[in-house]
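**Student:** After the sequence you'll find the predicted model.
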Amino acid sequence: MNDLIKAELFRLRHSGNTMTGMIFIGLLATVMQFVGNEGMHIDVITYFDHVTVGVVIVICGVVGLVSNTFNNRLINHEIMKGTPPMQTILCRIIVSSACVTILYYIPTVILLTIFDREKLHLPMLVLLFICLIKLTAAAQALCIFFKDGCGIMVFLFAFAFESMPLVIIQNFTPFDATAAASWLTSTQLLMLGSVNNVELEQISMPLDTSYLELKIIVSSIVLVAAMTAAAYKSLKSKWAIQIISPM
């Protein structure tokens with residue numbers, strides 16, 4: 001496993017401008033999440049109002065670059081060498097998570113600590129980190145499942161519209177989707193900031209913030225386990241799934 005991680009980091013450092021691109025993506029994500037209608041404001045409220053912007057930018061960029069392994073077929077060397085599929089999956093998840101943490105999470109926490117320390121809480125930061133790693137691992141596993149960096153587009157679509165069915169159910173049917181919505185990562189990120197800083201009435205449906213910590217932890221375990229299992233099955237069974245047809 002250590003050799004795989006070292007090899008992947010070596011590839012990223014010596015693959016043209018890959019590392020430069022990752023640094024730029026991390027900087028862009030960090031800056032854009034603090035930009036609102038009235039300009040740039042580095043504070044907790046602005047951050048959680050636009051947290052999904054930064055999260056989507058950094059995860060799509062980093063995971064897409066790491067998943068380039070499948071596009072240029074370097075992964076075939078690992079397969080022919082007899083590397084266990086689970087090691088291949090965990091290696092990419094660890095590398096992607098480390099890059100997202102270093103390039104996005106740490107700079108964000110540093111900026112919030114400097115400019116708005118009073119509204120920061122350690123449990124909030126820990127739960128934010130768990131959500132970030134959950135999304136990164138899910139996105140990476142999805143790219144491995146499709147064996148293509150373009151799998152990140154599937155992740156982007158799923159993340160952007162994951163709450164849409166529940167919003168429709170809540171507003172156009174007699175059923176109450178409040179409890180189910182609080183298990184989705186996009187709403188969990190909003191609730192994480194809303195618990196202390198933002199009014200929940202600003203969103204399109206009411207949310208149940210009870211046991212938020214437990215919901216974040218349990219949903220993270222379930223999602224990462226399910227996506228990792230799917231990626232493992234795809235590699236183990238040598239599924240050939242193409243999002244974009246070759247020219």
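**Tutor:** Now that the structure is in, tell me what you want to look at. Numbering: from 1, shown residues only.

**Student:** Tell me the predicted confidence for the residue of the chain positioned farthest from its centre.
**Tutor:** Within the chain, the residue lying farthest from the chain centre (C-alpha atoms, centre = their mean) is P174, at 32.5 Å. What the model reports as pLDDT for P174 is 83.

**Student:** Check G54 too.
**Tutor:** 91.

**Student:** gap between it and L212?
**Tutor:** 20 Å (C-beta to C-beta, to the nearest Å). C-beta: built from backbone N, CA, C; applies to glycine.

**Student:** quick one, which of the two is more surrounded?
**Tutor:** G54 (22 against 18; other C-beta atoms under 10 Å).

**Student:** Not counting sequence-adjacent ones, nearest residue to the more buried one?
**Tutor:** Take G54 and drop its neighbours on the chain: the residue closest to it by C-beta to C-beta, 6 or more residues apart in numbering is Q33, 3.3 Å away.

**Student:** The one you found: what's it in contact with?
**Tutor:** With contacts defined as C-beta atoms under 8 Å, 6 or more residues apart in numbering, Q33 is in contact with 46-47, 50-51, 53-55, 108.

**Student:** And the residues you listed, which of them are buried?
**Tutor:** For the contacts of Q33, a burial check counting by 16 or more other C-beta atoms under 10 Å picks out 46-47, 51, 53-55, 108.

**Student:** Pick the one among the residues you listed closest to V154.
**Tutor:** V55 (16.3 Å; C-beta to C-beta).

**Student:** Could I get the full set of helices for this structure?
**Tutor:** 2-13, 18-32, 44-49, 51-66, 68-71, 75-81, 85-100, 106-115, 122-146, 151-161, 164-172, 178-181, 185-194, 212-236 (DSSP state H).
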